[in-house]
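# Have a look; sequence and predicted model below, questions after that.
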Amino acid sequence: MPFRPRTAVSGAILATAAVLLCPAAAAARPAAAPAPPGWSAAPAPGAGAAPRAQDRPFFYLEGAPGTVLADRLSLSNPTGRTVAVRLRGSGAGAWLTLASKEVRIPPRTRASVPFTVTVPRDAVPGDRSGALLATGRTGGRAAVPLHLRVTGPVLSALTVEKVSVRGAGGSAVIRYTLVNRGNTVLRPRIAVRADGLFGPVLRRAARTLPSVLAPGRAVDLTETWHGPPALDAVEVRLTATAAGGAHGAATASYTAAPWGVLAAPALLLAVGTGGLVAVRRRRRGVGPGGTPGEQADRRADGGARPSGDDAADAADAAAELAGTGPGARA
């Protein structure tokens, strides 16, 4: 049957063509339409227009303490189903009040949600950061940044308080408290110096502390002083500085002396006081009538026998009396 080879060749050619043409046919088919994007949140543009890429990417509000600032959030839902979104603020957004904490957005629509930010009357001037958070009940989350500037005079003030110095073994511990008395956040720097009777004994250049001090806050800190003098009277001075002209300083006294040096004057004082008491007691034991033995003899004689000195004094007194009588000669 001479036609069989031709049939086999034809079948092979057709199969090869089918294999080669299938990818082209698949490529010629129209691509499936992408899924529509989900809902989104952004600062609302003016005049009720739809948000665009060139619009503001975050909220910026500015006001003095006690003022109320207003703005609007735009929620877009291009999908074919209704979306429920919950709203809340964080950070500086905690001062935020929403017209509605949950919004239902119909399909292919846009919702504008008004809100206000009330700046507390005791708010410290400066910049704050926060966000307006939107969470979909069926999924999705968006965070719109919020920047708030509280206007007003800025005051940087810092004090050093409760300074004390205590010895601990071969070292001394300097304790102190830093207090932010202003209305700005401070990153303090501290310098330490100590001067004794014979000159400087400690110098530490100003260095930045690792802690940040918020307005109205206080922090207790310590400085370790290795190898303080063993015998000296020292004045320790702490100086704190920070940006904005904040400056504070305080001093404390520190007396260093070995126990032997402190005990010797006390021992000498005790010995001297004891000797003085003994001498006074001995003097009190000898009266004006003579020694204790003589006083005892007088008591034994009944006090009738005067001493030699007493007899001479009596004779002189009698002679003087006789010379002053009526028959006395000039």
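Received the coordinates, thanks.
# Skip ahead from the helix or strand bottoming out on mean pLDDT in the chain and say which helix or strand is next.
Ranking every helix and strand in the chain by mean pLDDT, DSSP states H and E puts helix 4-28 at the bottom, with a mean of 44. Where DSSP states H and E defines the elements, the next helix or strand beyond helix 4-28 is strand 40-43.
# If you count neighbours, what's buried in that following strand?
By 16 or more other Cβ atoms under 10 Å, the buried positions in strand 40-43 come out as Ser40, Ala41, Ala42, Pro43. Bear in mind the C-beta positions are built from the backbone N, C-alpha and C, glycine included.
# Relative to Asp122, how far out is the first one?
In other words, Ser40. As judged by Cβ to Cβ, to the nearest Å, Ser40 and Asp122 stand 37 Å apart.
# Ok, Phe198 next?
Taking Cβ to Cβ, one finds Phe198 at 51 Å from Asp122.
# Leu158 now?
20 Å.
# for Val201, same thing?
Per Cβ to Cβ, Val201 is found 45 Å from Asp122.
# ok, those two, which is more surrounded?
Comparing Val201 with Asp122 by other Cβ atoms under 10 Å, the one with more neighbours is Val201, at 20 against 9.
# Spatially nearest residue to the more buried one, not counting backbone neighbours?
Ala194 (5.1 Å; Cβ to Cβ, 6 or more residues apart in numbering).
# Ok, Gly66 next?
Excluding its sequence neighbours, the residue lying closest to Gly66 (Cβ to Cβ, 6+ apart) is Arg121, at 4.4 Å.
# can you check Val179 too?
Residue nearest to Val179 in three dimensions, not counting chain neighbours: Ala218, with 4.4 Å by Cβ to Cβ, 6+ apart.
# For the one you found, which residues are in contact?
By Cβ atoms under 8 Å, 6 or more residues apart in numbering, the contact list for Ala218 reads Glu161, Thr177, Leu178, Val179, Asn180.
# now the end-to-end length of stretch 60-72.
End-to-end span of stretch 60-72 (Cα to Cα, to the nearest Å): 12 Å.
# Shouldn't Gly93 be within a helix?
Yes - the assignment for Gly93 (DSSP: H, G, I helix; E, B strand; the rest coil) places it in a helix.
# Am I right that it is in contact with Ala134?
No - when contacts are counted by Cβ atoms under 8 Å, Gly93 is not listed as touching Ala134 (11.6 Å).
# Can you pull the residues that touch both of the two?
By Cβ under 8 Å, 6+ apart, Gly93 and Ala134 have no common neighbours.
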